[in-house]
Every structure is written in structure tokens, then in C-alpha cells.
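The following comprises the amino acid sequence and a computationally predicted model.
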Amino acid sequence: MISAAVEPHAEIFNLDNREALPPGFINTGKTPGSQRGQNPHKRKVLFVTSEFADLVKTGGLGDVSAALPRAMAHLHDVRVLIPGYPQVVNSDSPIHIVGELAGHAALPPCKIGRMDLPDGLVIYVLICPELYEREGTPYGDNNGRDWSDNHIRFARLGLAAADIAAGEGMIHWRPDLVHAHDWPAGLAPAYMHWRGLNTATLFTIHNLAYQGVFSRACSPELAIPEHAMQQEGMEFYGKLSFLKAGLAYSSHITTVSATYAQEITTPEFGCGLDGFLASKAQQGLLGGIPNGIDESWDSATDSHLQHNFSLNDWEGKARNTDQVRELFGLEPSEGPLFAVVSRLVYQKGLDLTLGVAEDIVRQGGQIAIIGRGEPEEEQAMRELALRHPGRIGVRIGFNETDARRMFAGSDFLLMPSRYEPCGLSQMYAQRFGSLPVARKTGGLADTIEDGVTGFLFEASTVESYRAALERAFYTYSKKDLLNAMRCLSMTQPFNWCQAVEPYARLYEELVCQAHAGAY
Ligand code: ADP
Ligand code: GLC
């Protein structure tokens, strides 16, 4: 719901005096995190992202974009900028137009809408129907084909962030720092740099493999200066890389786990950028800050679950197992239930799960799979279920409630990722007493304690995976051991507090450096 009839300075009223909100704004009287101690020197931070879990999500980026600004609200004034996809503009929260941004080169003019979520979080919505109001995901149509104008769509996002940082468009809120996430936001720091702004910028890599690489011929449409086409700029094998723009032009880079921060400086994980990233790391400009999980992940209270349960209530957990079996058309069984909750893409190593599925079934296990992704992977999963009726069930699609019920109902989560920058699913699973069987890489290595809260394997091979599964089956046969591991996994201190401190410190450092003229 978008309303255009607002006075041009409406935003000004909101800064310090929430009573003076213009008509139609929801005044909840509280800001996210308001119960905690407030920081009297709050910095203004603009989060630039292509997903936001409350409204539109394809993976963990959506979760992080929704959770981190809320977790930081007591320390900083963090607001989110997101394109106005149908899922955003048609959501229940009203949007009021608060600004207009001019077009540039082939990037059309757009409006900025403001959405105030019930908990006080402010979302700036980039309103540009010709670019964003389409049926599909943020990146492509419902058949998984990327939109052919993604370079324009996400350059517009980056330019909007730079415009807001420059104080344009009558928004009346100018960030001290712009925090851009993944390739869709990669041009935000770049446009800011080319414009000579000295506002601090932070770029977070959630997934290095998605790079937003486009033909060099797009440069004029996007107003990319000639000098950017160099190794120290956004040039990548003769093309334009939005991700590299984020890396090259931001004041600092983070990624979402300590292990992945190190891995991406090596040829195996560096996706062609390892040399560039290694040099950033040497300069102290690249670090890892692990993701957390939010408070909604509580099996005792989660409203998505029909059977809430607490620590040690294994009968309660078993009721969720029965429900998942029913949902996936699986037979009643005394054996372990394995879950897959995943994007169906190469990264997630599903071909390895195909390789061990027969063994799991032969040993009395069952598998419930939910996922959406590449058409070939979806088809392979459907065929797998057809080969094992009653033992393996598959749902192709994306469903938050099903996913949560699967974490609650499964005994084990399968996550044989080839690489995993952080991974949230393994933390959700642990919190709900499902032990991950996962490859020892990236955030999986950092958040699963082998033999204590889950099972890790080293090599990306069926043999290595199988050995970890043997240990999972053995554990399942020893109920005391299984339950002890469940207790340890459910009480792991995964939360955003651990991430908030390092981000807050980094924001402060970067803003101070910017004030000192470092950028
Ligand atoms: P990635 O971001 O690489 O997909 P993460 O583990 O960080 O991996 O985050 C995945 C998120 O998406 C989790 O919240 C997970 O529960 C969710 N998810 C993945 N696939 C599905 C699905 N088919 N249905 C519902 N939720 C899903
Ligand atoms: C990416 C990564 C995943 C990470 C998520 C959130 O999608 O693949 O490992 O957890 O972003 O940072």
C-alpha cells in the first residue's frame, strides 16, 4: 500500500519527535531493542540489501538483513534500503513517499517510500515499478531465469544508496555509514567513491560465488567511469563485476564467518578473487564476523510449530517427527529422520546426498527434503523420492513453516555444502535439537562441534560423508548419547549479541576514520 500524498519534509518530523509523525504512520512508542541500554551517540547506518526476511527471502541474506538491524537498534540508527518488489509494496505495512531521486544514464528516476514496521524498524523502499514490480524472486522469474536487466535493477539500488548518502532526494536522513550486502548492493560504495563522498562504507560478502558479472558494454548505461575498468577497480576478466566493485571501493570488507574469511583468500574458495582478497586481508581490510540467529528460534514458543517442546521433552520433539513424516508421505518408523532444508544449488552438495541416500534408506533412515533452485537439481530430488516411496519425501518450494517444522521434527540435518560462508540452517537445526551432518567448511566448521553438537566430514566425497553418517546412525542407536548431544546443541549460544559488538565497533572505527578524512 503506497501513499504519495505526503508533505515533502515529512521525514524531518520523525527524527527526534515520534509524536509528530504524519498521519498514517504507526507510532508504536518503541524502537527495536529499546529495552536495552541506548547509545547516546547513535550513528546513522543505511543497510543496502536485496532481501529482507519479513517481506522477501530466498536464503540467509534475508534473515541477516532482518535480524542484524534490529539487534543493533539500541546502539545505532540502522535503516534498511530495499527494492520495491511486489512482496514489499503489497505488504501490510503502509508506505509513504518521502523522496524522489533523479535518473542517471539508463537508470530511471525513482521514488523513495518509507515503511515503519510495527517494532519501529524503518525501511526505505525503492519505488520503481518498471524495474521491480514483477512476479518472481528478487533475481529472476518463477522458472529460475535471471531478469535480463539485473544490471540496471541493482545499479539503481546502488545509486539510490549513494544518492541518499549524498543527501539528495529530500529524504532528510543522511547516513554516517553505508553497509552494503553482496553483489546486488556492490555498486553503492562504488558510486559513492566516484562521487567523492567521504561517507564510510562497509561491504559484507555473504556469498562470493554470486558476483553480478556483466558485459563491459553495459558501462555507459550504468555511468561507470572508464578508470573503473582496471584491476584495482571493478574489472573482472574484461567484464564488470558488481561484487568486485563492492570489494574495491568500500572502506572495509567483512564476511560471515572467520573460517570463510580465511578460505576466500585461497584459490580453492576465492572464485578468482583470492589474490585481490588476500591483499585486502594483508592490509587489515577483511575480517569475519559470524552471523547469529534471532529470538524467534525457540522450540518452546515458535508459533509455526503445532507441538512446542523444551529441552529434554523428547516426546514433544517426537510429535513433530510424526508430523513431518505425515507431511512428506513417509511411513511410520523407528529409524532416524534426516532433513534437507536448502536452496537446490551446486554450493549445497546435493549430489553428495544423492550418493548416500540409498545407504540411509538401507539402514532404516528416512529423508524429508524441502528446496527450490536449479531445475536439474529439483528434478533429481523428485526422482529420488519416486525411487523410495514412503522412505524419502520431497517438496519443491519455499515454505517457512514447513522448514521450521522440519528442524523441529528431524533427528539430523544434512548439509554437505561444498562451501558455506556461514550457514544459518545448521544453527536453526541445533536450536531445535536436530544434529547437523555437515562438511567441515566455512561457518559449518565454526558452529558445529564434531561429535558434540553434530558430525563433520572433511572431504567433499561420498566416502567421507558416509563415514559421518555411520557415526550419526550409531549415535541414534544410543539414546542417552543422542539426547546428551541434543541438549548440547539446543543450548549453543547462537545469537546476535556476539555479532553486534564487533559490527558496532567496526562501524564506529570506520565513521571516525571517515571524519578524519581517511576516505
Ligand atoms: P543460504 O543463505 O546459502 O541459502 P543459510 O543456511 O544461510 O543458506 O540460510 C538459508 C535460509 O533459508 C534458512 O533460513 C533456511 O531455513 C531457509 N530455507 C532454505 N530453503 C528453504 C525452503 N525451501 N523453504 C523454507 N526455508 C528455506
Ligand atoms: C549466504 C551464504 C550462507 C550465509 C548467508 C547469510 O547465502 O550461502 O552461508 O549464512 O548468506 O550470511
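Alright, I've got the coordinates. Just so it is clear, the model here is predicted, and its values are computed rather than measured. Ligands and ions are numbered 1, 2, ... in the order given.

Once you drop chain neighbours, what's closest to the residue of the chain found nearest ligand 1?
Ligand 1 sits closest to residue 60 of the chain, with a gap of 2.4 Å, by Cβ to the nearest ligand atom. To be clear about C-beta, it is placed using only N, CA and C from the backbone, and glycine gets the same treatment. Distance criterion Cβ to Cβ, 6 or more residues apart in numbering; nearest residue to residue 60, sequence neighbours excluded, is residue 424 at 4.5 Å.

residues contacting that neighbour?
60, 63-64, 291, 293 (Cβ atoms under 8 Å, 6 or more residues apart in numbering).

hmm, try it at 7 Å
Applying Cβ atoms under 7 Å, 6 or more residues apart in numbering to residue 424 gives the contacts 60, 63, 291, 293.

Of those residues, which belong to helices?
Among those, the residues falling in helices (DSSP state H) are 60, 63.

Please tabulate the contacts of residue 424 in CSV, including the columns pLDDT, neighbour count and distance to residue 50.
Below are the contacts of residue 424 laid out as CSV (pLDDT from 0 to 100; neighbours: other Cβ atoms under 10 Å; distance: Cβ to Cβ, whole Å):
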residue, pLDDT, neighbour count, distance to residue 50
60, 96, 23, 13
63, 97, 21, 13
291, 97, 25, 17
293, 96, 20, 21
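
quick one: the helices in the stretch 201-350 of the chain?
219-222, 242-249, 258-263, 274-282, 314-327, 350-362 (DSSP state H, counting those that start in this stretch).

Let me see the mean pLDDT of the third one.
Right, helix 258-263. Averaged over helix 258-263, pLDDT sits at 98.

and what of the longest one?
Model confidence over helix 314-327 averages 98 on the pLDDT scale.

Please point out which parts of stretch 493-509 sit buried.
Neighbour-count burial for stretch 493-509 flags 494-496, 499-500, 503-504, 506-508 (criterion: 16 or more other Cβ atoms under 10 Å).

actually stretch 327-344, not the one I wrote
Across stretch 327-344, burial judged by 16+ other Cβ under 10 Å covers 327-328, 330, 335-344.

Take these and keep only those in strands.
Among these, the residues falling in strands (DSSP state E) are 337-344.

Around ligand 1, which positions in this protein sit nearby?
By Cβ under 6 Å from any ligand atom, the residues of the chain that approach ligand 1 are 59-61, 63, 341-343, 370-372, 398-400, 403, 422-425, 428.

Need the residue closest to the centroid of the protein.
residue 61 (1.1 Å; Cα atoms, centre = their mean).

was I right about that residue contacting residue 205?
No. Residue 61 lies out of contact with residue 205 (Cβ atoms under 7 Å); the separation is 10.7 Å.

any common contacting residues for the two?
residue 182.

Chain neighbours aside, what residue packs nearest to residue 2?
With Cβ to Cβ, 6+ apart, the residue lying closest to residue 2 is residue 95, at 4.6 Å.

Give me the pLDDT for the one you found.
On pLDDT, residue 95 comes in at 98.

one step back: tell me which of the buried residues of stretch 327-344 is nearest to residue 317?
residue 337 (10.6 Å; Cβ to Cβ).

Could you count how many residues lie near residue 491?
12 (other Cβ atoms under 10 Å).

One more: residue 1?
13.

And it, how far from ligand 2?
Applying Cβ to the nearest ligand atom, to the nearest Å, the value for residue 1 to ligand 2 is 29 Å.

residues contacting that residue?
94-95.

Could you do residue 451 as well?
So residue 451 contacts nothing (Cβ under 7 Å, 6+ apart).

ok, which stretches of the stretch 51-200 of the chain are helices?
60-71, 86-89, 129-132, 150-165, 187-194.

okay, the ones you listed, which one's buried deepest?
Highest mean neighbour count of these: helix 187-194, a mean of 28 (counted as mean count of other Cβ atoms under 10 Å).

what's the angle from it to helix 150-165?
Interaxial angle, helix 187-194 versus helix 150-165 (axes from the mean of the first three to the mean of the last three Cα atoms, to 10 degrees): 60 degrees.

How far off centre is helix 187-194?
22 Å (Cα atoms, centre = their mean, to the nearest Å).

what comes into contact with that helix?
48, 154-155, 158-159, 161-162, 165, 178, 180, 199, 201, 203, 225, 228, 234, 242, 245-246, 249-250.

so it versus helix 242-249, what angle?
Going by the same axes, to 10 degrees, helix 187-194 makes 40 degrees with helix 242-249.
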